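**Student:** from the sequence below, what's the structure:
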Amino acid sequence: MYVPHERRSLLISLLEQRGYLRTAAVAHELGVTEETVRNDFIALQQQNLLLRVHGGARYLPPTGSSDDAVRMESQFIRLILSHVPENALIYADDNPLLRRALVQLGVRACSLITPSLHMADALRAPALAQCLILPGGVLDKETRLIRAEGGAPNFMRTHRPNLALLCPAAATSPQSIAYHHALQAEWAHAACQMAERTVLILRQDALNTTAGHSIPCTPHFFIAPSDVPSDFLTTPHELIPVITIQDIREARQM
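**Tutor:** Next up, the predicted model:
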């Protein structure tokens, strides 16, 4: 179940993709009441993020007066989804951003490797097409991640994902990322080693945070704010920039 901020961010992302949402249809898709969706539409219209119309809502392009955090997250989600091919076998870190992105895979017949009960719960709705692959093992109560029998590397070697979506807590350099918990790092490291392609998602807070469990990572692409430190721009990885509020302000001044 989504908290209001998560649900409203998802609604904006869906509007940007589809242009129009029917209240009844999206309520069924998200597993909430129509009244909840109507209240969300009212709140988002007050932020100039959509236009309410009979039976639903239409997308409003950015005007500069909308909620900047929601816009940034919506960009991240669109860029993440653009790198997920049909029928992909995916490993994804467990965090709210990737949960919201993967919910929007829609009809793409993807399978998801996840050791996370939080992620599995977010993606278990009957309307979703994803196939979930959970390891057997012992549940870590702090992280809600499963310690796989034989270890994460063996499990990942057996399944070999096409795509690893890594969204770490911290990134100290283009070749090193870090997590707050050792089990998070273990799963991410195994996925990075075994996946055919790795996409590293760096939120702004990851560039200004430290975390105790570092792993090496050489991604094929990384999605990050356009104002990342200069050493990230000199790597062979392909940077896919997210437009920041500062970018918008500078563009208006040109």
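**Student:** okay but Leu98 is in contact with Ile201, surely?
**Tutor:** Yes - using CB atoms under 8 Å, Leu98 makes contact with Ile201 at a distance of 7.5 Å. No exception for glycine: its C-beta is placed from N, CA and C like everyone else's.
**Student:** the two: which is more packed in?
**Tutor:** Shown here are Leu98 and Ile201; by other CB atoms under 10 Å, Ile201 has more neighbours (28 against 23).
**Student:** quick one: low-confidence parts of the stretch 51-200 of the chain?
**Tutor:** Residues of the stretch 51-200 of the chain that meet the criterion pLDDT under 70 lie in 61-68, 106-107, 125-129.
**Student:** for it, which segments count as strands?
**Tutor:** Assigned by DSSP state E, counting those that start in this stretch, the strands in the stretch 51-200 of the chain fall at 56-59, 89-92, 111-113, 131-133, 137-140, 145-148, 163-166, 170-173, 176-179, 197-201.
**Student:** need the residues that contact the next helix or strand after the longest one.
**Tutor:** Next helix or strand after strand 197-201 toward the C-terminus (DSSP states H and E): strand 213-216. For strand 213-216, the surrounding residues in contact (CB atoms under 8 Å, 6 or more residues apart in numbering) are 172, 175-182, 184-185, 188-189, 192.
**Student:** what average pLDDT does strand 213-216 get?
**Tutor:** For strand 213-216, the mean pLDDT works out to 95.
**Student:** next, give phi and psi for the nearest residue to Leu30 once chain neighbours are set aside.
**Tutor:** Setting aside the residues directly before and after it, Leu30 is nearest to Arg7 in space (CB to CB, 6 or more residues apart in numbering), at 6.6 Å. Per-residue torsions, Arg7: phi -70, psi -40 (degrees, to the nearest 10).
**Student:** so how far is Leu60 from Arg7?
**Tutor:** In this view, Arg7 and Leu60 are 18 Å apart by CB to CB, to the nearest Å.
**Student:** residue contacts, the nearest residue in space to Ala24 that is not next to it in sequence?
**Tutor:** Distances taken as CB to CB, 6+ apart place Glu34 nearest to Ala24, at 5.8 Å, with adjacent residues excluded. Contact analysis of Glu34 by CB under 8 Å, 6+ apart lists 23-24, 27.
**Student:** hmm, back to that, overlap in contacts, Leu98 and Ile201.
**Tutor:** Common neighbours of Leu98 and Ile201 (CB under 8 Å, 6+ apart) are 80, 165, 167.
**Student:** so which of these is the closest to Gln130?
**Tutor:** Nearest to Gln130 among these, counting by CB to CB, is Leu165 at 13.0 Å.
**Student:** which residues does the spatially closest residue to the closest one that is not a sequence neighbour contact?
**Tutor:** Using CB to CB, 6+ apart and skipping the chain neighbours, the partner closest in space to Leu165 is Ala92 (4.2 Å). Residues in contact with Ala92 (CB under 8 Å, 6+ apart) are 98, 102, 112, 114, 119, 164-165, 167.
**Student:** looking at strand pairing, list the partners for Tyr179.
**Tutor:** Under DSSP bridges, the beta-bridge partners of Tyr179 are His213.
**Student:** cross-check the contact I'm expecting between it and Ala211.
**Tutor:** Yes - here Tyr179 reaches Ala211: they are 5.5 Å apart, a contact under CB under 8 Å.
**Student:** which of those two has more neighbours?
**Tutor:** Higher neighbour count among Tyr179 and Ala211: Tyr179, with 24 against 18, using other CB under 10 Å.
**Student:** identify the residues contacting that one.
**Tutor:** By CB under 8 Å, 6+ apart, Tyr179 lies in contact with 168-170, 185, 188, 211, 213, 215.
**Student:** for this protein, which residue occupies the most central location?
**Tutor:** Centroid-nearest residue in the chain: Leu98, 2.3 Å away (criterion: CA atoms, centre = their mean).
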